[in-house]
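[1] need a structure here:
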Amino acid sequence: MRLLKKVVAVGLASAMVFAMAGCGSSSKATTAASEAATTAAETKKEETKSAETTAAAVKNAVGGDLADKKVGISIYKFDDNFMTLYRTELQRYLTEDLGFKKDNVVIQDGKGDQAEQTNQIQNFITQKYDVLILNLVQASSAPEITNMCKEAGIPVVYINREPDTEEEQRWKDEKINATYVGCDARQSGTYQGEEILETSNKGDINGDGVVNYIMIQGDPENVDAQYRTEFSVKALTDKGVKVKELLKQRGDWDQAKAQQIAQDALTQYGDQIEVIFCNNDAMALGALQAIEAAGRTVNKDIYLVGVDALTEAVQNVIDDKQTGTVFNDHFSQAQTASDMAVKFLKGDSVENVNMVDYIKVTKANAQDTLDKLKK
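    A predicted model of the protein is given here:
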C-alpha cells in the first residue's frame with residue numbers, strides 16, 4: 001500500500017508537469033509541479049531509507065540475519081481455540097515483523113500427549129534449533145525439558161502454561177536461559193468474579209442472600225485453571241458475598257465436555273444454579289448450548305462467564321448470551337514471547353518471568369475488543 005501511494009504521488013506530479021506544459025500554462029505553475037514531483041521523490045527516498053534502516057537493525061540484532069535462525073515451537077494441542085489464535089500470531093510476528101524465514105519457524109502439535117511433545121522437543125534439540133518456544137502439555141514437565149535444553153545450550157521460552165515458582169526461581173538462581181511469558185491467572189479469575197459483582201444483583205438472582213454456582217474447570221494440574229477457579233470465587237467472598245458451590249468438575253478446556261457437564265448440572269440442580277464459571281471461553285460456549293437447551297436465559301435467570309475473549313464469546317457478550325469474558329491477550333503474549341526469544345539469541349539478559357495483563361471484557365467494551373480481534 002505504501003509503495004502504491006508513492007507511485008501515485010510521483011505519477012500525479014509528473015502528470016501535472018506534462019498537462020501544464022501542453023496547455024501553455026505559466027512557468028510559475030510548471031515550477032510548482034516540478035517541485036511537487038521532487039517532493040514526492042524525496043519522500044519516497046526517505047521512506048525507503050527508513051525501511052532499510054529498520055531492516056538492518058533487525059538483521060544486526062543477533063549479529064546476523066534472523067532469517068537464518070531456527071525457532072522450534074510446540075503447542076500442547078492444535079485444536080485448542082485459544083492456542084490456535086496464539087500460534088497464528090506467533091508465526092505472523094516472527095516471520096513478518098522480526099524477519100525469521102518461514103521455513104525456519106516450525107510449529108508442531110503436541111496432541112495433548114506429553115510423551116509425544118517431549119519427543120518433538122528432543123528432535124528440535126537433535127536438529128540444533130537456535131531457540132525453542134514451548135506450550136507444555138504438562139507444566140510439571142518443565143524441569144526435565146529445561147535440563148534437556150540447558151545441556152544442549154538452547155534457550156527456551158515457556159508460554160501459556162506456567163511452571164511452578166520453584167522451577168522459575170531455579171532458572172534465575174542457576175542462570176539458566178529459560179523464561180516464562182504469560183498472564184497472571186489470578187487476575188483473570190478476579191475479573192470473572194468482578195463481572196458477577198457488577199450485575200444488578202451481584203449474582204444473587206433469587207435474592208436468598210447466597211450465590212449458587214457451578215465451576216467448569218480446565219485441567220486441574222494447570223496453574224491457570226487453579227487460579228481462575230480460586231480467584232473468581234474469592235472476588236465475591238472478599239466483598240462479603242456468600243456463595244455455595246453446587247458442582248466443580250473438570251472440562252479439560254473442551255467445549256463438548258463442558259456442554260455435557262452443564263447439561264447434567266442443570267438437570268440435577270435446575271433453577272438453583274445462578275452462575276456458571278468457566279475457566280475458558282470454549283467451555284463457556286459449551287455451557288451456553290446447555291443453558292439454551294434447558295430454556296434458561298443468560299443475564300436474566302443465569303449468569304455465564306469465561307476467559308480468553310474468543311471472537312464468538314465476545315459476540316455473545318454483545319448479544320447478551322454471555323455475561324462477560326476476559327481477554328487473554330494473545331497478541332501481546334505472542335509478541336513478547338518472540339521478543340524474549342530474540343533477546344536470548346542476542347545474548348541479552350532475560351527476566352525469568354514476563355507477565356502481560358488480562359483485560360476485562362463486558363458489554364461496555366466488547367465491541368472495541370471484537371474490532372481488535374477482527375483486524
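
[2] dump the helix or strand containing residue 151 to CSV, restricted to CA.
    Assigned by DSSP states H and E, residue 151 falls within helix 142-152. Output of helix 142-152 as CSV, limited to C-alpha atoms (Å, rounded to 0.1, in the frame of the first residue of the first chain):
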residue,chain,number,x,y,z
ALA,A,142,9.3,-28.1,32.8
PRO,A,143,12.3,-29.2,35.0
GLU,A,144,13.0,-32.2,32.7
ILE,A,145,12.6,-30.2,29.5
THR,A,146,14.7,-27.3,30.8
ASN,A,147,17.6,-29.6,31.7
MET,A,148,17.5,-31.1,28.2
CYS,A,149,17.6,-27.6,26.7
LYS,A,150,20.3,-26.4,29.1
GLU,A,151,22.6,-29.3,28.3
ALA,A,152,22.2,-28.6,24.6
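
[3] the helix or strand following it pairs with which strands?
    For helix 142-152, the following helix or strand on the C-terminal side (DSSP H and E) is strand 156-159. As defined by DSSP bridges, the strand partners of strand 156-159 come to strand 131-134 (parallel), strand 178-182 (parallel).

[4] mind putting the ones you listed into TSV with mean neighbour count, mean pLDDT and distance to residue 325?
    From N, CA and C alone the C-beta is placed, and that goes for glycine too. Output for the strands paired with strand 156-159, formatted as TSV (neighbours: other Cβ atoms under 10 Å; pLDDT from 0 to 100; distance: least, Cβ to Cβ, whole Å):
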stretch	mean neighbour count	mean pLDDT	distance to residue 325
strand 131-134	26	98	25
strand 178-182	24	97	18
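
[5] which of these sits closest to residue 359?
    Nearest of those to residue 359, taken as Cβ to Cβ: strand 178-182 at 14.5 Å.

[6] can you pull the buried residues of the helix or strand just after the closest one?
    Next in sequence after strand 178-182, counting helices and strands by DSSP H and E, comes helix 185-197. Using 16 or more other Cβ atoms under 10 Å as the test for burial, helix 185-197 gives 185, 186, 187, 188, 189, 190, 191, 192, 193, 194, 195, 196.

[7] contacting residues around helix 185-197?
    162, 202-203, 211, 223-236, 239, 241, 275, 277, 303, 305-307, 323-324, 326, 328, 357-358, 360, 362 (Cβ atoms under 8 Å, 6 or more residues apart in numbering).

[8] tell me the mean pLDDT over stretch 220-230?
    For stretch 220-230, mean pLDDT is 93.

[9] repeat that for stretch 257-265.
    98.

[10] for it, buried residues please.
    Buried, per 16+ other Cβ under 10 Å, within stretch 257-265: 257, 258, 259, 260, 261, 262, 263, 265.

[11] which ones are touching residue 328?
    82, 183, 188, 307, 308, 309, 358.

[12] doesn't residue 145 make contact with residue 163?
    No: contact between residue 163 and residue 145 fails when scored by Cβ atoms under 8 Å: they sit 9.1 Å apart.
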